[in-house]
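# Sharing a sequence plus its predicted fold:
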Amino acid sequence: MFSDLVGKRVLVTGSTAGIGLAVAKLFVQYGAKVAINSRSQNEVAETAINELVALGKAEDVFFIPADLTKSAECKKMVESFIDRFGGMDVLINNAGGLGGRSSLELMDDDFYDHVMDLNARSVLMTTKYSIPHLRASAAEFGKTASVISTGSIAGREGGGLGAGVYAASKAWLHNIHRNWVKEYTKDGIRFNIVSPGTVDTLFHADKSDELKDKIAGSIAFGRFAESEELAPSFAFFASHNCSGYITGQILDVNGGQMCP
Ligand code: NAD
């Protein structure tokens, strides 16, 4: 079923580690051309690129440094991608993160702006600049192009203490996808969300082992997910063969971690 991913041009944002890197690896293994991204070129980015090259062909992978909290860098990233691959078939908006914790009474404008820039502006602007290329892909190949964004269980249940703006930014993302479905389905572009529960990545670096055990106890599977367990859902939504009639959906990949 995933054979139509061969040669597809896929941009995965926030992808030198964690879920994004696992997604990029799977797409390379399926024969796609993949660009990964993080804020800056460093050792972590170089290691990620080497791992991808080992799974595929060097000419089919590259790294784009861009801090996606800034609209101008979202634009430059999309331009770099198009310069290299000549078009875009799949956009995966994965960059995001907690951006810190703050209780409501201590919150200031800088905190709010940072969390919303990281999780909302980054997706809005990257998608905006990608739309013409995704539209062109759908028209050229007669198959749907696909935008997939990484949501969160927090977007449904409100998030942990101090993470209210993060949770709200993911709910914003869940919602705006449905608006884009109304505007761009006629152009052959689909929009879906993969919504993780709790995944064992650097995202949880601020938590004690005791707290991690407590969270694991709230998951039916009794453990966090591995990033590799998330990746196939992105491939499913990227593949026209698998999901060409599916749009505007949120797929929870959370091991039975229930929202109240
Ligand atoms: P991670 O910290 O392991 O990876 C985040 C990636 O994004 C890294 O490559 C990092 O360099 C990049 N990044 C961070 N800020 C960036 C910026 N300003 N511009 C460009 N790139 C940037 O985290 P992860 O857990 O793999 O998170 C990936 C996505 O999954 C995020 O959107 C996160 O909100 C979401 N998510 C994670 C969990 C979880 O439990 N880990 C749960 C729900 C949702």
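Happy to help now that I have it. Numbers count the residues shown, from 1 in each chain.

# could you point out the longest strand in the chain?
In terms of residue count, the longest strand belonging to the chain (DSSP state E) is strand 189-196.

# interface residues of the stretch 1-150 of the chain facing the ligand?
14-20, 37-39, 67-69, 94-97, 118, 150 (C-beta under 6 Å from any ligand atom). Every residue, glycine included, has its C-beta placed from N, CA and C.

# Buried only: go through those residues for me.
14-20, 37-39, 67-69, 94-96, 118, 150 (16 or more other C-beta atoms under 10 Å).

# For residue 64, give its distance to residue 201.
21 Å (C-beta to C-beta, to the nearest Å).

# Show me where this structure has its helices.
Secondary structure of the chain (DSSP state H): helices at 18-29, 43-55, 71-85, 109-116, 122-141, 154-157, 164-184, 209-217, 231-238, 240-243.

# Return the most buried member of these.
The highest average neighbour count among those, using mean count of other C-beta atoms under 10 Å, belongs to helix 18-29 at a mean of 25.

# now the angle between strand 189-196 and it, please.
130 degrees (axes from the mean of the first three to the mean of the last three C-alpha atoms, to 10 degrees).

# Would you give the sheet partners of the longest strand of the chain, along with the direction of each?
Sheet pairing for strand 189-196, assigned by DSSP bridges, gives strand 145-150 (parallel), strand 250-253 (parallel).

# Quick one: mean pLDDT for it?
Averaged over strand 189-196, pLDDT sits at 98.

# As TSV, the strands paired with strand 189-196 with distance to residue 211 would be great.
Formatted as TSV, these follow (distance: least, C-beta to C-beta, whole Å):
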stretch	distance to residue 211
strand 145-150	22
strand 250-253	22
